[in-house]
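A.B. asks: here's a sequence, model it:
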Amino acid sequence: MRTPDEQLHALIAEQAAEWYVAHRDGELAPSQQQVFMCWLRASPVHVAEYLSIAGMARDIGGAARQNTTPLQPLLREADMAERVVSFDGTAYTPAPDARATGKYRRRAGRDHRASHAPRRPFARWGVGIAMSALAAVALFAGLQWFVYKPQLQSYATRHGEQRSLQLPDNTVVRLNSDSTIAVHFDRRQRRVEVTRGQAYFEVAKDPARPFGVQVDGLLIKDIGTTFDIYRQRADTTVTVAEGQVQVWRAVPAPSTGWFGLDRYHSALQGRPIVDLTAGHQARIAASGQVESQGPIDVQRATAWTQGNIAFENQAIAAVAAEFNRYNNLQISVSDPRIAMLPISGTFDAHDVSTFAAFLDSLPDVHVETHGQQLVVVASRGSQRRHK
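C.D. replies: This next block holds a predicted model:
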């Protein structure tokens, strides 16, 4: 038969396992988080047991990320001498009004003078647990600092390369060819700067930390959404696949180039340049001028995420420029009349030969190969007709 102390330890282990599963299932509600913190404060043994269940902090980051309470007061609030070291055979039971928090009190009828009697070997084990718990609390506090410290990271793709990555908040980003982003996360905000190229964002929800994307002097504010940003020389194209985004004009902090939290809120006091919902796209100049805005075929606009180039009634020169983003074999269009001809289709982004054959099949169009370059010219018959 297990002693009362062993029963208590088994109960704490069971509770720790339940909290571990709750955190693994997703973000706790505020009321649950409050209960969890009360449970931790009940005893450093709770902290130690939770760390043990979670594999010594391998998975505690999610729990620590939700906690903003300083950890130093936990030991004081836990009354360690009473709750941990004095495991001398006295049975502890959950208080009727505090079972959910894990707080315990002594059973009535025990003479407190008995605590002066020589302790059982289990008491020495309790001292060891207290020391381990102290180390666990220190580790827990260190984990909080790690989770909340600013995280700065850059990601890039080479010419012809595409890459998918997961940010620390579980946001998924897909980088197109010749693209670079810089990520700046801290405990108050999530910022990504698209410094070059194109990126597709599937933003993880975190109401406590707003997510924004910086492009030149533009700030794209996410409102729980999936969207695509294409930074070109003179303008930025924003395409919304799901949810909603707002585009604001703002000035980054001069020392860092990032939109600081104060500047972020200041920018949002005015009116957004444009407000986009799912299925809409806007092209915005660096000056903040909206050059075009309206509904879009999202599947075609984001075909690159599937390795394709899709276009409808686009000029040959524009489509050729898209192929050039992914391939060493470059396409040039020498005749301006041919360059402006509208075409439609969907092609593998790396299948230049098929696209060249398609162009060569068009009336009045001919494709010539010159080393690592495909030159699109007017056919001889077309040249004679235009003389």
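
A.B. asks: in the stretch 1-150 of the chain, where is pLDDT below threshold?
C.D. replies: Applying pLDDT under 70 to the stretch 1-150 of the chain picks out residues 1-7, 25-26, 54-150.

A.B. asks: roughly how far does Thr239 sit from Leu276?
C.D. replies: Thr239 is 8 Å from Leu276, where distance means Cβ to Cβ, to the nearest Å. From N, CA and C alone the C-beta is placed, and that goes for glycine too.

A.B. asks: common neighbours of the two, please.
C.D. replies: Taking Cβ atoms under 8 Å, 6 or more residues apart in numbering as the contact criterion, the residues that touch both Thr239 and Leu276 are Phe227.

A.B. asks: where does the stretch 151-300 of the chain dip in pLDDT?
C.D. replies: 151, 251-270.

A.B. asks: what ranges does it have for its helices?
C.D. replies: Ranges of helices in the stretch 151-300 of the chain, per DSSP state H, counting those that start in this stretch, are 261-267, 298-301.

A.B. asks: list phi and psi for Gly307.
C.D. replies: phi 80, psi 20 (degrees, to the nearest 10).

A.B. asks: burial count for the nearest residue to it once chain neighbours are set aside?
C.D. replies: Nearest residue to Gly307, sequence neighbours excluded (Cβ to Cβ, 6 or more residues apart in numbering): Ala349, at 5.6 Å. By other Cβ atoms under 10 Å, the residues close to Ala349 number 22.

A.B. asks: didn't Ala349 look like it was pressed against Val319?
C.D. replies: No: look at Ala349 against Val319 with Cβ atoms under 8 Å: they stay out of range, at 11.1 Å.

A.B. asks: between those two, which contacts overlap?
C.D. replies: Taking Cβ under 8 Å, 6+ apart as the contact rule, Ala349 and Val319 both touch Ile309.

A.B. asks: ranges for the strands of the stretch 251-387 of the chain?
C.D. replies: 274-277, 280-285, 290-295, 308-315, 330-333, 342-348, 365-370, 373-378 (DSSP state E, counting those that start in this stretch).

A.B. asks: and these as TSV, adding mean neighbour count and distance to Phe36?
C.D. replies: Output for these, formatted as TSV (neighbours: other Cβ atoms under 10 Å; distance: least, Cβ to Cβ, whole Å):
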stretch	mean neighbour count	distance to Phe36
strand 274-277	18	37
strand 280-285	19	41
strand 290-295	12	46
strand 308-315	16	46
strand 330-333	19	58
strand 342-348	14	50
strand 365-370	15	66
strand 373-378	18	62
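
A.B. asks: Leu165 is nearest to which of those strands?
C.D. replies: strand 308-315 (20.5 Å; Cβ to Cβ).

A.B. asks: report the angle between that closest one and strand 342-348.
C.D. replies: 170 degrees (axes from the mean of the first three to the mean of the last three Cα atoms, to 10 degrees).

A.B. asks: for strand 308-315, C-alpha coordinates in CSV please.
C.D. replies: Coordinates of each C-alpha in strand 308-315 appear next as CSV, following Å, rounded to 0.1, in the frame of the first residue of the first chain:
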residue,chain,number,x,y,z
ASN,A,308,3.7,26.8,-62.1
ILE,A,309,3.3,30.1,-64.1
ALA,A,310,-0.3,30.9,-65.0
PHE,A,311,-1.4,33.9,-67.1
GLU,A,312,-4.4,35.2,-68.9
ASN,A,313,-4.3,37.8,-71.6
GLN,A,314,-0.8,38.9,-70.5
ALA,A,315,1.8,40.4,-72.8
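
A.B. asks: identify the residues contacting it?
C.D. replies: So strand 308-315 is contacted by 297, 299-301, 303, 318-319, 322-323, 326, 339-349 (Cβ under 8 Å, 6+ apart).

A.B. asks: can you rerun that using 7 Å?
C.D. replies: For strand 308-315, contacts defined as Cβ atoms under 7 Å, 6 or more residues apart in numbering pick out 300, 303, 319, 322-323, 339-349.
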